[in-house]
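Participant: kindly generate the corresponding structure for this input.
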Amino acid sequence: MAVLSQDFTYQLGDTGVLLNSDPALPFVDITDIRGFDSPEFRTTLRDHEGVDGDFIDAEFEKGRDIVLEGTAYADPSLAETYLDALRFNYAPSRVLVPFYWFTAEKGERVFFVKPLGVKYDVNAMRRTGSTDVQFLMHAEDPRVYSSALRSVVLQPGSAITVGRGYNKSYNYGYGTIVTVPDSNTVTNGGNRAAPAIITITGTVVTPQIVNDTTGTTLTFLISLGASDVLVIDLLNHTVMLNGNVNRRGTLQVPNWFLLQPGDNIMRYRSASSSGSTATVSYRDTWR
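Facilitator: Just a heads-up that it's a prediction; the model follows:
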């Protein structure tokens, strides 16, 4: 994971070329950025028949195109070597690559992108070792993430719902929930719902993930051995056993959820288990 500390610096990949760093040759001075604002919304517009007006659906976002523009400065005799490094860093990739950016106000954040190359012209500016450059990327997932990956381990347990305590017995139940002893708090420090990866390991029968905050439950009709690993992707709605076996069919009801901003109260339950845990891995997420 990249660790940036200078205000308004940018880096593609954990070992990529640092952009907008302190001006010691060679360096890139970024002067314009496009694509950090709200991404384009996927909209559907329909007329409201019989009356004035219309209907618009704009619930989901498209991926975002990210463009950085600036000037690369290098010793004139070493300019091509520096440009080689930039082209190599931003070469197309079949897999998503983290693009880190840092501000003193918010710290280090990340987009997950596919780089689309570096564009520049060769002109008289090269005599002084300077080249206007443009860095192109596309983020299929438009979310803004924290660079730090968080993990919360859920221990298996049974649901215990208690009401307000009274010294005397009553004929009527009091159902106000004040605590769930086997629960964990999973905190999303961002301002939008965050996807997560849930990894279940150990011996377990019929594992169940409960999110009390969203009121949803994921129940899997499956038995896992001590060496089995079940990975649940809340964003892509996949369930994989041991990395290569699709077990989406074991999910009883597709009550998929995302981690809400703030605290999420979550529990891990099962019909029976021995040494099993469920690990929730996620990043704080912003619009």
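
Participant: helices of the protein, start to end?
Facilitator: 79-89 (DSSP state H).

Participant: each with direction, which strands does the longest strand seen in the chain pair with?
Facilitator: For the chain, the strand with the greatest residue count under DSSP state E is strand 107-120. With DSSP bridges as the test, strand 107-120 is paired with strand 97-103 (antiparallel), strand 130-139 (antiparallel), strand 144-146 (antiparallel).

Participant: so can I have a markdown table of those showing mean neighbour count and mean pLDDT?
Facilitator: (Glycine included, C-beta is placed from N, CA and C.) Shown next, in a markdown table, are these (neighbours: other Cβ atoms under 10 Å; pLDDT from 0 to 100):
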| stretch | mean neighbour count | mean pLDDT |
| --- | --- | --- |
| strand 97-103 | 20 | 97 |
| strand 130-139 | 19 | 97 |
| strand 144-146 | 21 | 97 |
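
Participant: if we can go back for a sec, buried stuff in the longest strand of the chain?
Facilitator: For strand 107-120, burial by neighbour count (16 or more other Cβ atoms under 10 Å) applies to Glu108, Arg109, Val110, Phe111, Phe112, Val113, Lys114, Pro115, Leu116, Val118, Tyr120.

Participant: show me what contacts the fourth one?
Facilitator: Shown here is Phe111, whose contacts under the criterion Cβ atoms under 8 Å, 6 or more residues apart in numbering are Arg64, Ile66, Pro98, Phe99, Trp101, Met137, Ala139, Asp141, Val144, Tyr145.

Participant: could you dump those residues to TSV with distance to Thr15?
Facilitator: Formatted as TSV, those follow (distance: Cβ to Cβ, whole Å):
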residue	distance to Thr15
Arg64	24
Ile66	20
Pro98	11
Phe99	13
Trp101	16
Met137	17
Ala139	20
Asp141	22
Val144	22
Tyr145	19
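
Participant: can you pull the contacts of Arg143?
Facilitator: By Cβ under 8 Å, 6+ apart, Arg143 lies in contact with Arg192, Ala194, Pro195, Thr285, Trp286, Arg287.

Participant: again, only using 10 Å
Facilitator: By Cβ atoms under 10 Å, 6 or more residues apart in numbering, Arg143 lies in contact with 39, 61, 64, 110-112, 190, 192-195, 235, 283, 285-287.

Participant: just the buried residues out of those residues, in PyMOL syntax.
Facilitator: Selecting the buried subset of the contacts of Arg143 in PyMOL, with 16+ other Cβ under 10 Å as the burial test, is done by:
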select buried, resi 39+64+110+111+112+190+193+194+195+283+285+286
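
Participant: which of the contacts of Arg143 lies closest to Thr131?
Facilitator: Using Cβ to Cβ, Phe111 is the member of these that sits closest to Thr131, with 24.7 Å.

Participant: now stretch 6-15: buried residues?
Facilitator: Thr9, Tyr10, Gln11, Leu12, Gly13.

Participant: return the subset of those residues lying in strands.
Facilitator: Those of the buried residues of stretch 6-15 lying in strands (DSSP E): Thr9, Tyr10, Gln11, Leu12.

Participant: rewinding a little: so how far is the longest strand of the chain off the chain centroid?
Facilitator: Chain-centre distance of strand 107-120: 15 Å, with Cα atoms, centre = their mean, to the nearest Å.

Participant: for that strand, the averaged confidence score.
Facilitator: Here strand 107-120 scores 97 as its mean pLDDT.

Participant: angle of it against helix 79-89?
Facilitator: 120 degrees (axes from the mean of the first three to the mean of the last three Cα atoms, to 10 degrees).
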